[in-house]
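K.L.:
got a structure for you, letters missing:
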């Protein structure tokens, strides 16, 4: 376990950044919490809620104060702010990490700026969230029994990787490592595709002439499947653009399976339908079992 760190700076104080600060305050991992960003009302609200101790609108000032700096801005914004942050990192500067859902564009931006991923910049992604957003939605236990994926590169300093690992483990998360490209393919299939499908389904039904009746009669299955369509549209627009190639491949793969199912229904091929449904049920049940084991229930 890493020794307690003096100051954690969160760039972009929303659901994830606020929840991280709440969790780390509860564990004593850090002594002081500073917010940084462009929206002063959100930062003021963070102070009011006791999530952070203070804030600044100046990124250079934030970097100078930080022992650990966590970039919690939207994915495309995170890649842009590296232009300001990375040139400020000296040999003894803070460890920097991020929470972006796409890692390839962040890595590529850092390499473009510095020639290689800086030793103390460790890419990470907590697999946790909510359809709600903003610091008011933050909770101390958001990461408990959830996975955090780190995608370290050979250029990373081992002590920086271990510090970021210890930070996330102190929140109750399970930390795993994965290479950047695998991460982006896996998340395209398991997170980004479900979100765009939910958005597309709700948008299609809302545009229907029967939309009033459709939503009036919709029940629990529709509610559960489409819950994530209440997520922040700007954030998910950025994720889809940042991970475009992997997401398009996942959409094409899904489109092929949907086409097979449509063909079976059109042909009245109940056996083919049943086989697909049975395979899906078996896979979903195995996944549910894994979740149960992971949570210790």
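P.N.:
Everything's here; your move. Keep in mind that what you see is a predicted model, and the values were worked out from it rather than measured.

K.L.:
ok, residue 75 - contacts?
P.N.:
100-102, 105-106, 235, 238-239, 242 (CB atoms under 8 Å, 6 or more residues apart in numbering). For glycine as for every other residue, the C-beta is placed from the backbone atoms N, C-alpha and C.

K.L.:
What's the separation between it and residue 101?
P.N.:
The gap separating residue 75 from residue 101 is 6 Å, by CB to CB, to the nearest Å.

K.L.:
Quickly list what's touching both of these two.
P.N.:
Common neighbours of residue 75 and residue 101 (CB under 8 Å, 6+ apart) are 239, 242.

K.L.:
And for residue 61, nearest residue in space, chain neighbours not counted?
P.N.:
residue 36 (7.9 Å; CB to CB, 6 or more residues apart in numbering).

K.L.:
Okay, now the unreliable bits of the stretch 1-150 of the chain?
P.N.:
For the stretch 1-150 of the chain, the stretches flagged by pLDDT under 70 are 1-4, 131.

K.L.:
So which residues of it form helices?
P.N.:
Assigned by DSSP state H, counting those that start in this stretch, the helices in the stretch 1-150 of the chain fall at 15-27, 40-48, 59-65, 75-85, 104-114.

K.L.:
Buried residues, the helix or strand residue 260 falls within. List them.
P.N.:
Residue 260 belongs to helix 244-267 when assigned by DSSP states H and E. Across helix 244-267, burial judged by 16 or more other CB atoms under 10 Å covers 246-247, 250-251, 264.

K.L.:
so it versus helix 104-114, what angle?
P.N.:
160 degrees (axes from the mean of the first three to the mean of the last three CA atoms, to 10 degrees).

K.L.:
Let me know the average pLDDT across helix 244-267.
P.N.:
Helix 244-267 shows a mean pLDDT of 97.

K.L.:
Point out the most buried one among the helices of the stretch 1-150 of the chain.
P.N.:
Most buried of the helices of the stretch 1-150 of the chain, by mean neighbour count (mean count of other CB atoms under 10 Å): helix 15-27, with a mean of 24.

K.L.:
gap between it and the chain center?
P.N.:
15 Å (CA atoms, centre = their mean, to the nearest Å).

K.L.:
do stretch 192-210 as well
P.N.:
22 Å.

K.L.:
for the record, mean pLDDT for that stretch?
P.N.:
The average pLDDT for stretch 192-210 rounds to 92.

K.L.:
Can you list the neighbours in contact with it?
P.N.:
Contacts to stretch 192-210, defined as CB under 8 Å, 6+ apart, come from residues 101, 211, 214-215, 225-229, 231, 233, 236, 239-240, 243, 246-247, 250-251, 254.
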